[in-house]
Structures are given as structure tokens and as C-alpha cells.
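Novice: Please find the sequence and the predicted model below.
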Amino acid sequence: MARRIVITSGKGGVGKTTLCANIGGALSRLGAKVLLLDLDFGLNNLDVVLGVESKIVYDILDVITGKCRAKQALIADDKCDKLYILPTFHTFNLNNIDYEQIDKVINEVEYLFDYVIIDCPAGMDNGFARACSIAKEAIVVTTPHISAIRDADKILSMLSYYKMNSVGVVINRVRGDLTITGEMIDIDTIVDFLHTKIYGVVPEDDDISRNLLMGGVVESGEAFEAYNLIAKAIDHGSEVIYDCEKKYKGFWGSIRRKIKRTV
Amino acid sequence: MDANRSIDRLKNVLVQDKEQNPVKIMGILKNDITKLLSNYMEVDGDDVDVNLLVNNNGSYDLVIKSVVRRVKVIQTFVG
């Protein structure tokens, strides 16, 4: 049985899909076989983030309606050889798909994988309920901004209804140069407020933006290290968290801070 | 610094959200607590007061207050 982990946030735009792709990549680098499942129906973007949108032949709707088998719809990632994605449909769809239908699809291919990572849509209505009903574990993504933290807090309350085996938080888009000067809410405060274990933090990194241009998982830089640490935390409970402030401490760090500000 | 003011705002927002949240559960909780208490003592449901308050850390303080008319004698206490 694969570990089924939903990545959710409540608020949109905090980096669920990017995190989903890159945690999948990091887990596959640890040797795990990973399936990424996009459940953001109609607003699918996981395929674009991974850069495999041109390879899609079948999607999950074709599997549900019996046009193909689940295995045929899987797409292998170019960069990570143990990473696969099951794309969602991109058309406006008026059929109501419930979680049992999706569950059936996952059951069909689950034996091939160690992890099924589920990309949840923003919000806390039907799409969220569907994604959470399928998952056994949850990762709540937030950023160091009040609106995102507030939504994460509500989502954490909602998750208690789904009886998850484990729930953890990832704080995305952290600016070490700003937390160090007290211009951004620091990690410890967020963790205190959310009363939940933390899987890791991801620094705001230009490499992510650069990567999104052509698609594909991040393969170097600060965010790459951070994703690897998060994968270790998920995989075997390592408690090492990426230090976003490391680069901005000390003499050279203060210069780096000033440069970042003036350029 | 600015972050500290922001943290105060965050705290206020979280506390406000939580004050509205647990309304539904309170009735059920009060019934269950009354039932539990009546195993050991004579209580009237109207005298049981269950309050959930949000504290400064964003967690809850549960306050149970009740008037008890008589504590029941239970077999194990007698011997």
C-alpha cells in the first residue's frame, strides 16, 4: 500500500502545485516510486509545472469513464525516473465525480508506488473534500503571510474531520533576509500558532521561477536542498529544517541583505 | 518591529475565527458531560455550565462548572 498524502492549503497561490511536483521529485530521488495525482479538476496545472503537458494522451476522466486503463494514463517524468503523474482533465466538466470513483482509479495502480501525492484545489468545498477523503495523510502549505496562515489554521481544523494518520505543515516562500530583520513573521511563531508538526520550510528562490518557465522539478539551489530535507522528513521522520536565514547571517550576510534590497 | 505588529494582528484574527467555530459542538459536549457527571453525582443539566474560551496562544481553555446536589455513594468507596 502506498502512502497517500494530500497537499492542501485553503488559500490559493501559496505554491501547492509547485510543492507537490518538487516533493514528488525529492522523494523519487530518495529511491521511492511516486505518483502525482492532480485533483484540481478543470484548473489543472501540475502537468504544466512538470513540463509534461504535451505528453498527455489520456486523463483521469478517461479512466473513470472506461476509455482506458489507469496504467495507460500514467505519464513518466523526464527528469526523475521514478516519478509519474496521472493528469486531470482540462475541459469544463459538468459531471459530478465523487471520491469513490477516484479511489477506484488509485486502487488500480497503487501497488506500483510507494507514495501517491495528491494536489488539492484551493478552497474548502467539494474539491477539498474529495481530495481529503482519498488521502490518509495531509500536508498543509502556508506562507509567512497572515491571510495564508489564517486559512491554514482553518484547514487544520477541517482536517480533524477526515481522521488523517498524520498532518504536517510546510511553510513556503520564506524570505530569510526579511525574517532576520523582523519584516516578515518568523517560522517559530507560525509553528506555535498552528500547533502542528512542521515538515519543513522552502525559501523564496529565483530558481523556482526560472524552472517554471520550461517546467520540470528544481534540480539545484536553495529550494532544491529544502525540498530534499522535506522529503527526508516525510520519508523517515528526519527533523532537520532548512535554515532560510543562514545566508544572511554574519558580515557577508548583512552585505547580501543590502544588495538584495537595492538591486 | 513590523513583524511583531503583524503577529498581533494574526493572533486577533485566529482568536476571532475560533470563537465562531465550536458553537455546534458545545451543546453535544454539555450533554455528554452531564451524562458522565451523573454517574458519580446528582446534577441537573441546567446547572452544568460548559465554556470554551480561546486563550492568547490560540489554543482553547475548557471551563466546566456545575452545581452538585449530592455525591453518589459508589460500591468501591464503601469497600
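Specialist: That came in fine, so what should we check first?
Novice: From here on, just use CA atoms for contacts and neighbour counts.
Specialist: Fine.
Novice: Counting neighbours, what do you get for residue 54?
Specialist: With no chain named, the answer covers chain A. Residue neighbour count, defined by other Cα atoms under 10 Å in any protein chain shown, stands at 8 for A:S54.
Novice: wrong one, chain B
Specialist: The local packing count at B:V54 equals 17, with neighbours defined by other Cα under 10 Å.
Novice: And the pLDDT for the closest residue in space to it that isn't next to it in sequence?
Specialist: Leaving aside its chain neighbours, B:V54 sits nearest to B:Y60 (4.5 Å; criterion: Cα to Cα, 6 or more residues apart in numbering or on different chains). We have a pLDDT of 81 for B:Y60.
Novice: From B:D49, how far off is B:Y60?
Specialist: Separation of B:Y60 from B:D49 (Cα to Cα, to the nearest Å) stands at 16 Å.
Novice: Helix or strand for the residue of chain B at minimum distance from chain A, just tell me which one.
Specialist: In chain B, the residue found nearest to chain A is B:A3; the distance is 5.1 Å by Cα to the nearest Cα. For B:A3, the enclosing helix or strand under DSSP states H and E is helix B:2-20.
Novice: ok, and for the helix or strand just after that helix, which residues are buried?
Specialist: Sequence order places helix B:23-37 as the next helix or strand after helix B:2-20, per DSSP H and E. Of the residues in helix B:23-37, those buried by neighbour count under the rule 16 or more other Cα atoms under 10 Å in any protein chain shown are B:K30, B:T34, B:L37.
Novice: and what of stretch A:118-125?
Specialist: Using 16+ other Cα under 10 Å as the burial criterion, the residues of stretch A:118-125 that qualify are A:I118, A:D119, A:C120, A:P121, A:A122, A:G123, A:M124.
Novice: Provide the secondary structure category for the first one.
Specialist: What that stands for is A:I118. The assignment at A:I118 comes out as strand when based on DSSP: H, G, I helix; E, B strand; the rest coil.
Novice: now, which of the buried residues of helix B:23-37 sits nearest A:R69?
Specialist: B:K30 (51.4 Å; Cα to Cα).
Novice: Which strand or helix spans A:L37?
Specialist: In this structure, A:L37 sits in strand A:34-38 according to DSSP H and E.
Novice: Quickly run through the sheet partners of that strand, with directions.
Specialist: Strand A:34-38 has these partner strands in its sheet, going by DSSP bridges: strand A:83-86 (parallel), strand A:115-119 (parallel).
Novice: Next SSE downstream of that strand?
Specialist: Scanning the chain past strand A:34-38 towards its C-terminal end, the next helix or strand to appear is helix A:46-50 (assignment: DSSP H and E).
Novice: Which strands or helices does the helix or strand that that next one is followed by pack on?
Specialist: The first helix or strand that comes after helix A:46-50 along the chain, using DSSP H and E, is helix A:60-64. Contacts defined by 3 or more Cα pairs under 8 Å, 6 or more residues apart in numbering or on different chains; DSSP states H and E place helix A:60-64 against helix A:70-73, helix A:99-109.
Novice: could you dump these to a markdown table with mean pLDDT?
Specialist: Written out in a markdown table, the entries for the helices and strands packed on helix A:60-64 read as follows (pLDDT from 0 to 100):
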| stretch | mean pLDDT |
| --- | --- |
| helix A:70-73 | 94 |
| helix A:99-109 | 94 |
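Novice: Ok, which of those comes nearest A:I7?
Specialist: Distances from A:I7 to each of the helices and strands packed on helix A:60-64 were compared using Cα to Cα; the minimum, 16.0 Å, belongs to helix A:99-109.
Novice: now the closest one, how far from the centre of its chain.
Specialist: 20 Å (Cα atoms, centre = their mean, to the nearest Å).
Novice: Check stretch A:1-17 too.
Specialist: Once both centres are worked out by Cα atoms, centre = their mean, stretch A:1-17 turns out to sit 5 Å from its chain's centre.
Novice: Does that stretch reach chain B?
Specialist: No. For stretch A:1-17, no contact with chain B is found by Cα under 8 Å from any Cα of the partner chain; the gap never falls below 14.5 Å.
Novice: got the buried residues for that stretch?
Specialist: Residues of stretch A:1-17 classed as buried under the neighbour-count rule (16+ other Cα under 10 Å) are A:2-11, A:14-17.
Novice: Grab the two from the residues you listed that are most spread out in space.
Specialist: Looking at the buried residues of stretch A:1-17 by Cα to Cα, the two members farthest from one another are A:A2 and A:K11, with 27.3 Å of separation.
Novice: Does anything pack onto the strand or helix carrying A:I23? Which helices or strands?
Specialist: Taking DSSP H and E as the definition, one finds A:I23 inside helix A:16-29. Helices and strands touching helix A:16-29, by 3+ Cα pairs under 8 Å, 6+ apart, are strand A:3-8, strand A:34-38, helix A:46-50, strand A:83-86, strand A:115-119, helix A:222-236.
Novice: For the shortest one, list every residue counted as buried.
Specialist: Residues of strand A:83-86 classed as buried under the neighbour-count rule (16+ other Cα under 10 Å) are A:L83, A:Y84, A:I85, A:L86.
Novice: And stretch A:245-252, what's buried?
Specialist: Buried, per 16+ other Cα under 10 Å, within stretch A:245-252: A:E245, A:Y248, A:K249.
Novice: Now do the buried residues in stretch A:156-166.
Specialist: Under 16+ other Cα under 10 Å, the buried positions of stretch A:156-166 are A:L156, A:L159, A:Y162, A:M164.
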